[in-house]
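Peer 1: okay, predicted coordinates and the sequence, questions at the end:
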Amino acid sequence: MRSDTNIIFLKIINFIFLLVILTTPFIIINYDVIYLKNNIPEQSLTEYTQELLLFGCSISFAYLGMTQALYRRCAFLIAGFFSCMLIRELDLFFDQLVFHGFWVYPASIIALITVIYASQEREQTLSALAEFMKNNYFPILCLGLGITLVYSRLFGMGSMWHQVLGHDYHRIVKNIAEESSELLGYVLMFYASINYVYSYFKHQTSNN
């Protein structure tokens, strides 16, 4: 009975924590628009937060790869994927530092290295990837990716907002819609990533 009560209590706490972090996009966007009085450009608190969350996702899986030999190649492959997403978010930095579109080169190099590394022991990588997909937080990770890569792009289409607002169209409205949903996706991905690391170490501890 106590075990059931503990499970229910922990799930409720986890749900409350999730609700709290889901307020992050609103708080960040609100601070950018109301207090910083900007239209969420490339250099804004919203963009910096997105980059920081992607960095956190990359570090989480890189750490998992460095500490869990069984999942090493799979974890580094996933860390490489998030690193490529981070480099894409930093495109303006690379445009100013080197030349326009330069981000493609470091992202391609990282993608190639991690794919080659993961394919060296294909069966182990596939087995670890299957375990990765069976994790309870895999759907949340996929949801975050879907919101960021698909929903935010569709929801932020300028043509739709022009049609909806007509002569009252202001770019900041489109930016708020797109960037807030994109940030929500990153928050969910980060939440799933840190819980991945926690769940693997919890599983390892329970087996020892």
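Peer 2: In hand now; what should we look at?

Peer 1: mean confidence for the longest helix seen in the chain?
Peer 2: Taking DSSP state H as the criterion, the chain has its longest helix at helix 171-207. Helix 171-207 comes out with an average pLDDT of 86.

Peer 1: show me what it is packed against.
Peer 2: Secondary-structure packing of helix 171-207 (3 or more C-beta pairs under 8 Å, 6 or more residues apart in numbering; DSSP states H and E): helix 2-21, helix 24-30, helix 45-67, helix 138-146, helix 152-155, helix 158-165. Backbone N, C-alpha and C define where each C-beta goes, glycine included.

Peer 1: and those, which is most packed in?
Peer 2: Counting by mean count of other C-beta atoms under 10 Å, helix 45-67 has the highest mean neighbour count of these, with a mean of 19.

Peer 1: what packs against the helix or strand just after that one?
Peer 2: The helix or strand immediately downstream of helix 45-67 is helix 72-89, counting by DSSP states H and E. Secondary-structure packing of helix 72-89 (3+ C-beta pairs under 8 Å, 6+ apart): helix 45-67, helix 104-119, helix 122-134.

Peer 1: got JSON lines for those, with mean pLDDT and distance to Asn195 too?
Peer 2: Conversion of these to JSON lines gives the following (pLDDT from 0 to 100; distance: least, C-beta to C-beta, whole Å):
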{"stretch": "helix 45-67", "mean pLDDT": "94", "distance to Asn195": "9"}
{"stretch": "helix 104-119", "mean pLDDT": "94", "distance to Asn195": "22"}
{"stretch": "helix 122-134", "mean pLDDT": "90", "distance to Asn195": "13"}
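
Peer 1: can you tell me the closest non-neighbouring residue to Ser44?
Peer 2: Asp32 (5.2 Å; C-beta to C-beta, 6 or more residues apart in numbering).
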